[in-house]
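S.K.: Sequence and predicted structure below; questions after.
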Amino acid sequence: MASADAVLEIEGLTKVYRSLFTPAGVRAVDNLNLTVRQGETYSIVGPNGSGKTTTLKILLGLIFPTAGSATIFGKDIADLSVRERIGFLPEDAYLYDCFSGEELLDFYASLFGYSKARRRELVDELLTLVGMQANRKVPFRECSKGMRQRIALAQALVNDPELLILDEPTSGLDPAGRHQMTLLIQEMKRRGKTILLCSHFLAEVEEVCDRVGIMYRGRLVAEGTLSELAGEPEETVVTATGLTGDLAGRLSALPTVREVTTDTVRLDHVGEKDLWQVLQVIHEGGGEIVEVSRPRPSLQDIFVKAIREEAQ
Amino acid sequence: MNPIVTKVILAVGLALIVAAAVVTRKVWLSGIWHAVPSVWRIAKITVAEARRRRVLRAVIALVIVIIISMTFFSYLSPQEQARMLINGGLSAITVFGILLAIFVAAFLIPNEIENRTVYAILAKPVRRFEFVLGKYLGALIVLAAVVAIMTVVLVGVLLVQDRLVEDLPDSAFNPNIGQVVFAAAMSYCALAVLTALIVLISTVSSTTMTVISAFIIWVVGSLQSQIHDLAENAAGAAKLLLLVMYHLVPHLENFDFRFQASYFQPIPVPAAVSAVLSGILYTGVVLIVASVFFNDRQV
Ligand SMILES: Nc1ncnc2c1ncn2[C@@H]1O[C@H](COP(=O)(O)OP(=O)(O)OP(=O)(O)O)[C@@H](O)[C@H]1O
Ligand SMILES: [Mg+2]
């Protein structure tokens, strides 16, 4: 399993939360195996309570695993030197709310032992990066959710980490905020950082991730690049106008066609010749072709399918 | 305090420190020097945060009002007035200091966990014990500032009163400022010890339980000589419980020099030194235990 370029390796990780009320325990993470490679952006996707945050908290030493182990940069996660090289954005970022973004970043930078002059420069740089220069003096408690999330991301970047661990970086943000956060993540990716993030916003994951792991009830139920997970396109869809009456009937009669509606023709994933035949029939029948596409199943579909399979 | 008891405490304390260091492996020993800057940074942010809370200012204002209002009463003689002012002022400082210490200490770490501010910090290269010590040091600085401000006000009031009654024929006000400051400083030492113990309790129990135990410790700690007498005459489980309390709960009364300050008695130096030394030792052991507990705490 150990690969040379692995930045993060999780092996057999299990976490059982026990309490007075649940003596049997809640198995939040169940024998999880996962590898994140140098420079890649890996996303753990899963429904609420699937164990994503638990996994990340174990990686940061905030809680301790019941079984299994994890290494970052080849070192055990308990090793303090690991934390010199990683950045963490907690879920629902809560930072000391009586301080401003500027003060907070200065404090978090000081924990790495940077000098005052270096911190001043760094804080300035980070505030610019996350677009908080204008609001640098606003107390955290008065910041909007979007501003908080940006300060929290900057906080994770104070040590210019090689590995970024982001717990739901876009949660609670409006579409504009989500877009900005996605751009920032892409920027981090461009800067060569390895990123592990978790989310249930599938759309953004699709935009930024190289690989996705689908987590359900503490287990990884599917994993791979988006195209691996999506597989080959299964059908071709022709969108056109004027697909009525006679034309529709003629199209339905073709052997490759699965379904005809008023504006689409769905056919088996076919070769070019069969496709041309369909297009010609539409053209001759007076229809106007708008688009031809071979959609892959969306991540949402894969997600739902994987979870449905697992649940059975 | 009985010198033999002091020696026993010293020996047990040292043994515990060594045992804790061995049990928690060399991490502690090797990292201690490296820890100083981290501890200091966390202490600083703790102080900065406390400065922005209004509660502190309210407590200080309340004590100042109490001290000043004590000058409005009429007294039998200037000496009587001096005595009442000193005793009352020091009592106000001690009581409000302890109340403040209890609440500061009980929420010091639980608040960080509750508000999840601890995540971002512990995800940085900060060791758990550095966090505990930093928070404790921060609380110590805050309490020191509060006690200092209240003491300065008390001293100011005493000096002003001294001026006012000086012109009277039979002037015997004559406050002993040195003793007052000394007594306030000793009260502060009691706060420091109590704070450490409450921080320890807060690492293993809920906030409500921590506050309740803190009040029990305050009462027991102030009545240790009675506890001792009770233990002498008790038997069985009760005796055991009383003995455990007597030996585990800090002897807060040993830090109480209000009587000497207000009755112009000489300060028993050996008793004070012994109280401070055993206080430091006790605090050290308590903080090590708190760090060990917090080390295993899932946050
Ligand atoms: N401190 C805790 N004590 C007991 N159970 C917990 C604790 N934290 C989490 N759990 C349980 O563990 C499971 C996984 O929780 P976790 O927070 O890791 O999920 P998640 O995937 O991050 O969910 P979300 O998408 O809602 O953030 C849930 O069933 C949750 O109830
Ligand atoms: Mg979560």
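M.R.: That came through fine. Ligands and ions are numbered 1, 2, ... in the order given.

S.K.: what ranges do the strands span in chain A?
M.R.: Secondary structure of chain A, counting by DSSP state E: strands at A:6-17, A:26-37, A:41-45, A:67-72, A:75-76, A:86-89, A:163-167, A:194-199, A:211-216, A:219-225, A:235-241, A:257-260, A:264-268, A:288-293.

S.K.: Quick one, which of those strands gets closest to chain B.
M.R.: strand A:86-89 (3.8 Å; CB to the nearest CB). Every residue, glycine included, has its C-beta placed from N, CA and C.

S.K.: Report all helices and strands that the closest one contacts.
M.R.: helix A:145-156, strand A:163-167 (3 or more CB pairs under 8 Å, 6 or more residues apart in numbering or on different chains; DSSP states H and E).

S.K.: if you look at that strand, does any of it touch ligand 1?
M.R.: No. Against ligand 1, strand A:86-89 shows no contacts by CB under 6 Å from any ligand atom, the least distance being 13.2 Å.

S.K.: How about residues contacting that strand?
M.R.: A:56, A:60, A:72, A:149, A:152-153, A:155-159, A:161-167, A:169, B:119-120, B:123 (CB atoms under 8 Å, 6 or more residues apart in numbering or on different chains).

S.K.: Could you list the low-pLDDT ranges of the stretch 101-250 of chain B?
M.R.: The stretch 101-250 of chain B contains residues with pLDDT under 70 at B:166-173.

S.K.: and if we set it to 90?
M.R.: B:158-178, B:225, B:228, B:231-238, B:243-245, B:247 (pLDDT under 90).

S.K.: hey, where'd the helices end up in it?
M.R.: Here the stretch 101-250 of chain B has its helices, by DSSP state H, counting those that start in this stretch, at B:110-114, B:117-122, B:128-166, B:177-204, B:207-222, B:224-233, B:236-248.

S.K.: One more: the stretch 51-200 of chain A?
M.R.: Counting by DSSP H, counting those that start in this stretch, the segments of the stretch 51-200 of chain A that form helices are A:52-59, A:101-110, A:116-129, A:145-156, A:175-190.

S.K.: Please spell out which residues along the third one are buried.
M.R.: Of the residues in helix A:116-129, those buried by neighbour count under the rule 16 or more other CB atoms under 10 Å in any protein chain shown are A:R119, A:L122, A:V123, A:L126, A:L127, A:L129.

S.K.: excluding its backbone neighbours, what's nearest the first one?
M.R.: If you skip the residues right next to it in sequence, A:R119 has A:A109 as its closest partner in space, 4.5 Å away by CB to CB, 6 or more residues apart in numbering or on different chains.

S.K.: now that neighbour: how far from A:P175?
M.R.: Shown here: A:A109 relative to A:P175, a distance of 31 Å by CB to CB, to the nearest Å.

S.K.: Between these two, which is the more surrounded one?
M.R.: A:A109 (25 against 9; other CB atoms under 10 Å in any protein chain shown).

S.K.: any idea how far A:L129 is from A:L183?
M.R.: For A:L129 relative to A:L183 (CB to CB), the value is 11 Å.

S.K.: for B:A238, that is, sorry about that
M.R.: Taking CB to CB, one finds B:A238 at 69 Å from A:L183.

S.K.: Go ahead and list the helix or strand containing B:I267.
M.R.: Here B:I267 is covered by no helix or strand, with elements defined by DSSP states H and E.

S.K.: Most proximal residue of chain B with respect to ligand 1?
M.R.: Nearest residue of chain B to ligand 1 (CB to the nearest ligand atom) works out as B:Q298 at 7.0 Å.

S.K.: so who does that residue touch?
M.R.: B:Q298 neighbours (CB under 8 Å, 6+ apart): A:L62, A:I63, A:F64.

S.K.: Any chance of the residues you listed in a markdown table with pLDDT as columns?
M.R.: Listed next are the contacts of B:Q298 as a markdown table, based on pLDDT from 0 to 100:
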| residue | pLDDT |
| --- | --- |
| A:L62 | 95 |
| A:I63 | 95 |
| A:F64 | 95 |
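
S.K.: Now a PyMOL select for only the buried ones of these.
M.R.: Buried subset of those, written as a PyMOL selection, criterion 16+ other CB under 10 Å:
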select buried, chain A and resi 62+63
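
S.K.: Let me know the helix or strand that the closest residue to B:L133 other than its chain neighbours is in.
M.R.: Using CB to CB, 6+ apart and skipping residues adjacent in sequence, the residue nearest B:L133 is B:V39, 4.6 Å away. Here B:V39, judged by DSSP H and E, is contained in helix B:26-51.

S.K.: Figure out how far that helix is from the centre of its chain.
M.R.: Distance of helix B:26-51 from its chain centroid, counting by CA atoms, centre = their mean, to the nearest Å, is 20 Å.

S.K.: Stretch B:72-87 too?
M.R.: Between the centre of stretch B:72-87 and the centre of its chain there are 27 Å (CA atoms, centre = their mean).

S.K.: ok, and for it, which residues are buried?
M.R.: B:P78, B:Q79, B:Q81, B:A82, B:R83, B:M84, B:L85, B:I86, B:N87.

S.K.: In terms of distance to ligand 2, which of the residues you listed ranks first?
M.R.: Nearest to ligand 2 among the buried residues of stretch B:72-87 is B:N87, at 56.4 Å by CB to the ion.

S.K.: Shouldn't the closest one be within a strand?
M.R.: No. Counting by DSSP: H, G, I helix; E, B strand; the rest coil, B:N87 is not part of a strand but helix.

S.K.: Identify the residues contacting the residue nearest to the spatial centre of chain B.
M.R.: Central residue of chain B (CA atoms, centre = their mean): B:L191, 0.8 Å from the mean position. Counting by CB under 8 Å, 6+ apart, B:L191 makes contact with B:G97, B:I98, B:A101, B:L143, B:V147.

S.K.: Looking at those residues, which two lie furthest apart in space?
M.R.: Using CB to CB, the contacts of B:L191 reach their maximum pairwise distance at B:I98 and B:V147, which is 10.6 Å.

S.K.: In chain A, where is pLDDT below threshold?
M.R.: Residues of chain A that meet the cut-off, pLDDT under 90, sit at A:1-5, A:18-25, A:46-48, A:92-94, A:170-179, A:199-208, A:216-217, A:221-222, A:224-312.

S.K.: in stretch A:220-234, what counts as buried?
M.R.: In stretch A:220-234, counting by 16+ other CB under 10 Å, buried: A:L220, A:V221, A:A222, A:E223, A:L226, A:L229, A:A230.

S.K.: now, which of those sits nearest B:S213?
M.R.: Using CB to CB, the buried residues of stretch A:220-234 come closest to B:S213 at A:L220, 44.0 Å.

S.K.: Find the nearest non-adjacent residue to the closest one, please.
M.R.: A:G213 (5.0 Å).

S.K.: partners of that neighbour in the sheet?
M.R.: A:I44, A:E223 (DSSP bridges).

S.K.: Also A:V16?
M.R.: With DSSP bridges as the rule, A:V16 is bridged to A:R27.

S.K.: A:Y216 - how many residues pack around it?
M.R.: As a burial measure, A:Y216 scores 22 neighbours (other CB under 10 Å).
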